[in-house]
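**Student:** Give me coordinates for this.
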Amino acid sequence: MLRQARFLELLSDKICSEEPTSLARIRPDADDWLIKLIASMTAKDPVERPVAEEVAHILNVHLNRDELGGGLEDSTPPWLVMYAGTPCVRNVVAES
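**Tutor:** Down below sits the predicted model:
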């Protein structure tokens with residue numbers, strides 16, 4: 001039981017202190033927008049993480065762009081405009 005408790009303590013320390021492995025390292029063929037989205041979703045600071053609606057919007061924009069061969073017409077929903085200043089949205093949406 002003591003070994004298991006020590007393992008959980010070490011695992012918790014690792015999760016809380018180390019940055020997650022970049023998607024680019026695991027999948028070098030991944031698109032830049034996806035790498036940035038995953039990085040924002042796994043940020044240590046919860047304030048920097050996107051909310052579900054932001055993730056859905058970013059996925060919708062990029063997946064539709066890939067399927068349709070071009071970007072969507074001004075598809076930014078009104079709720080996203082108020083979040084435009086947050087780090088996760090600025091970094092991912094502004095570069096798309």
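**Student:** Please enumerate the helices of the protein.
**Tutor:** Under the criterion DSSP state H, the chain carries helices at the ranges 2-17, 23-26, 32-41, 52-68, 78-81, 87-93.
**Student:** can you redo these as a markdown table with mean neighbour count?
**Tutor:** Where C-beta positions appear, they are placed from N, C-alpha and C, glycine not excepted. Below are those laid out as a markdown table (neighbours: other Cβ atoms under 10 Å):
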| stretch | mean neighbour count |
| --- | --- |
| helix 2-17 | 9 |
| helix 23-26 | 13 |
| helix 32-41 | 18 |
| helix 52-68 | 14 |
| helix 78-81 | 11 |
| helix 87-93 | 19 |
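**Student:** so can I have a markdown table of the ones you listed showing mean pLDDT?
**Tutor:** Output for the helices of the chain, formatted as a markdown table (pLDDT from 0 to 100):
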| stretch | mean pLDDT |
| --- | --- |
| helix 2-17 | 86 |
| helix 23-26 | 92 |
| helix 32-41 | 92 |
| helix 52-68 | 78 |
| helix 78-81 | 51 |
| helix 87-93 | 49 |
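**Student:** so Lys44 touches Glu18, yeah?
**Tutor:** No: Lys44 is not in contact with Glu18 according to Cβ atoms under 8 Å; the separation is 9.2 Å.
**Student:** So which of these two has more stuff around it?
**Tutor:** Set Lys44 next to Glu18 and count neighbours by other Cβ atoms under 10 Å: Lys44 wins out with 12 against 9.
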